[in-house]
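Participant: requesting a structural model of the entry that follows:
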Amino acid sequence: MNLQSGAAAASLPMVHALDPVAAVVAQSCLHLDHKQYDKYLDLMTDDCRYSIRYYSPDIGRDMVLLDHDKPNLANLLTAIVSHVTLPGRLLRQASVCAVETDAGGDVAVTSTIIVIHTDLDGTSRLFCAGRYQDRMRVDAGKLRLAAREVVLDTRDLGPGCHYPI
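Facilitator: Below you'll find the model as predicted:
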């Protein structure tokens, strides 16, 4: 199967996991890997907030690379085809590490994440590493992302990376 083709990506099986929390994390990675941005956005509540940050020891504080609500993230993803981006593909691998439910029913989820970049010549390398700090809740009968904060250990992503990790 050629995973580059739109038909192959559209025919990917849904993730069916015993754990619905892990399924949402896995689906988010698959949708981003295959640039299925509408499906990725469908995993989010209408008031979802998405951010990417890392700690800078040089200045002693967090650096925010991206911080958007769902409508602004949707605009970014719609316009991404007209931006200069890193050529090749990204492959996200996430592993759910901790799940806690609060009194209001929201679920706090911590996952470790590594992202591998494969360039146009087929050479793969580690692109970044970090954690997803997700907040999920049931919305319209489905478990959805209410917030995703990507907390990176990697501080240098290079040029052409302004899309979700």
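
Participant: what's in contact with the one helix or strand A129 maps to?
Facilitator: Using DSSP states H and E, A129 maps to strand 124-139. Identification of contacts with strand 124-139 by CB atoms under 8 Å, 6 or more residues apart in numbering yields 21, 24-25, 45-46, 54, 90-91, 94, 105-118, 143-154, 157, 165. For the C-beta atoms, the positions are set from N, CA and C on the backbone; glycine is no exception.

Participant: just stretch 60-70 next, same as before
Facilitator: Outside stretch 60-70, the residues touching it (CB under 8 Å, 6+ apart) are 41, 44-56, 76, 152, 155, 157, 162, 164.

Participant: which among those count as buried?
Facilitator: Those of the contacts of stretch 60-70 that meet the buried threshold are 41, 44-45, 48-54, 76, 152, 157, 164, by 16 or more other CB atoms under 10 Å.

Participant: flag the least confident of those.
Facilitator: The lowest pLDDT within the buried ones among the contacts of stretch 60-70 belongs to L157, with 83.

Participant: is that residue in a helix, a strand, or coil?
Facilitator: Following DSSP: H, G, I helix; E, B strand; the rest coil, we place L157 in the coil state.

Participant: name the residues of the strand or helix carrying D67 that are buried.
Facilitator: Applying DSSP H and E as the criterion places D67 in strand 61-69. Judged by neighbour count (16+ other CB under 10 Å), strand 61-69 contains these buried residues: 65-66, 68.

Participant: which residues touch the closest residue to L77 other than its chain neighbours?
Facilitator: The shortest distance from L77 to any non-neighbouring residue, by CB to CB, 6 or more residues apart in numbering, is to Y37 (4.0 Å). Counting by CB under 8 Å, 6+ apart, Y37 makes contact with 31, 74, 77-78, 80.

Participant: likewise Y55?
Facilitator: Neighbouring residues of Y55 by CB under 8 Å, 6+ apart: 61-63.

Participant: can you check A147 too?
Facilitator: By CB under 8 Å, 6+ apart, the residues touching A147 are 48-50, 134-135.

Participant: in a markdown table: those residues, plus distance to A98.
Facilitator: Converted to a markdown table, these look like this (distance: CB to CB, whole Å):
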| residue | distance to A98 |
| --- | --- |
| C48 | 20 |
| R49 | 20 |
| Y50 | 20 |
| D134 | 11 |
| R135 | 13 |
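
Participant: ok, back up a step: buried set for the following helix or strand past the strand holding A129?
Facilitator: Using DSSP H and E, the next helix or strand after strand 124-139 towards the C-terminus is strand 142-152. If you call a residue buried by 16+ other CB under 10 Å, then strand 142-152 has these buried ones: 144-152.
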